[in-house]
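# Please work out how this folds:
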Amino acid sequence: MKKPIIILIAILFSFSLNAQVDKKAQTLLNELSVKYKKYKSIRAQFAYTLESKSSKVKQTQKGVLHLKGNKFKVEVANKEITCDSKTVWTYNPKENEVQINNYNPNENGFNPAQIFTMYEKGFIFKFVEEKLENGKTIAQIELTPTDKNKKFFKVKLFIDKTAKQIVRSSVYDKNGNVYTYEVQSFQGDVALSDNFFTFDPGAHPNCEVNDLR
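Next up is the predicted model:
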């Protein structure tokens, strides 16, 4: 579950400025960047769906993402992933166990702190279409990573053109899996202390600690 969440947290931040630039897509992505970068912190509730045609699996879970600068916390299913930009704690409440690692923002090519601006580098992008969904004009943009060693080969962003907000993204990996993230609620400039992005094992009696740093 950890890697797909890391995918969630970075799938939304990167576009390549090269000869293959799609001007219509670039304009919309630039508007998204301007909006999201104004926020000092973000809280978003999301639904995460994994679909695998080969294994005939389709699972949906809900979660909450908090962001502040390069710090993040993700709560989904039976996991809490907390990062202060240097250390990442992965806590399993059911087992009362936490794994501690040094944080590598380049792991798997994703940076969880960049969930809403991933499209700013490392992608070729193109505008696909516009559709009305529940009375909203939703633009679809397709991203293709320039690094062919990535574990995914395509990302589809669905953007509310009026609100200038990402409402959904789908990530297609090379194993035939599709990860879809739907933003169900969004709040900007939420009051979050720096301590919120650290994990204190002492606050969880009898917590088993696996320090892998």
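# so what pLDDT did the residue lying closest to Lys151 once chain neighbours are set aside get?
Sequence neighbours aside, Asp173 is the residue nearest to Lys151 in space, at 5.5 Å (criterion: C-beta to C-beta, 6 or more residues apart in numbering). C-beta coordinates here come from the backbone N, C-alpha and C atoms, glycine included. pLDDT recorded at Asp173 is 88.
# and what of Asn30?
On the pLDDT scale, Asn30 gets 88.
# isn't there a helix covering it?
Yes - the assignment for Asn30 (DSSP: H, G, I helix; E, B strand; the rest coil) places it in a helix.
# Kindly tell me how buried it is, as a neighbour count.
13 (other C-beta atoms under 10 Å).
# Report the buried residues of the helix or strand hosting Glu182.
If you go by DSSP states H and E, Glu182 is part of strand 177-188. Residues 177-183, 186 are the ones in strand 177-188 that count as buried (16 or more other C-beta atoms under 10 Å).
# circling back to that earlier point, from what I see, the residue nearest to Lys151 and Val155 are in contact.
No - using C-beta atoms under 8 Å, Asp173 is not in contact with Val155, being 10.2 Å away.
# Specify which residue of those two has the higher count of neighbours.
The residue with more neighbours, out of Asp173 and Val155, is Val155; 24 against 17, by other C-beta under 10 Å.
# contacting residues for the more buried one?
For Val155, the contacting residues are 11, 123, 142-143, 145, 169-172, by C-beta atoms under 8 Å, 6 or more residues apart in numbering.
# so where's this structure uncertain?
1-21, 106-115, 118 (pLDDT under 70).
# 50 - rerun?
11-20, 108-110, 112 (pLDDT under 50).
# where along it do the helices fall?
For the chain, the helices defined by DSSP state H cover 2-10, 23-37.
# Please work out which residues outside the last one touch it.
Translated: helix 23-37. 15, 17, 42, 116-117, 119-120, 125-127, 139, 141, 159, 161, 164-166.
# Tell me which of the residues you listed fall in strands.
Those of the contacts of helix 23-37 mapping onto strands are 42, 125-127, 139, 141, 159, 165-166, per DSSP state E.
# Mind giving me the ChimeraX select for the residues you listed, buried ones only?
To isolate the buried subset of the ones in strands among the contacts of helix 23-37 in ChimeraX, counting by 16+ other C-beta under 10 Å, use the following:
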select :42,125,127,139,141,159,165,166
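# In stretch 201-210, which residues are buried?
Neighbour-count burial for stretch 201-210, counted by 16+ other C-beta under 10 Å, picks out 201, 207.
# begin at 33 from here
In the new count, where the first residue is 33, that last one comes out as stretch 233-242.
# got the contact list for it?
Residues from elsewhere that reach stretch 233-242 (C-beta under 8 Å, 6+ apart): 123, 127-132.
# ok so, going back, okay, the buried residues of strand 209-220 in a markdown table with distance to Lys183 next?
Below are these laid out as a markdown table (distance: C-beta to C-beta, whole Å):
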| residue | distance to Lys183 |
| --- | --- |
| Asn209 | 10 |
| Val210 | 13 |
| Tyr211 | 11 |
| Thr212 | 16 |
| Tyr213 | 16 |
| Glu214 | 21 |
| Val215 | 23 |
| Phe218 | 27 |
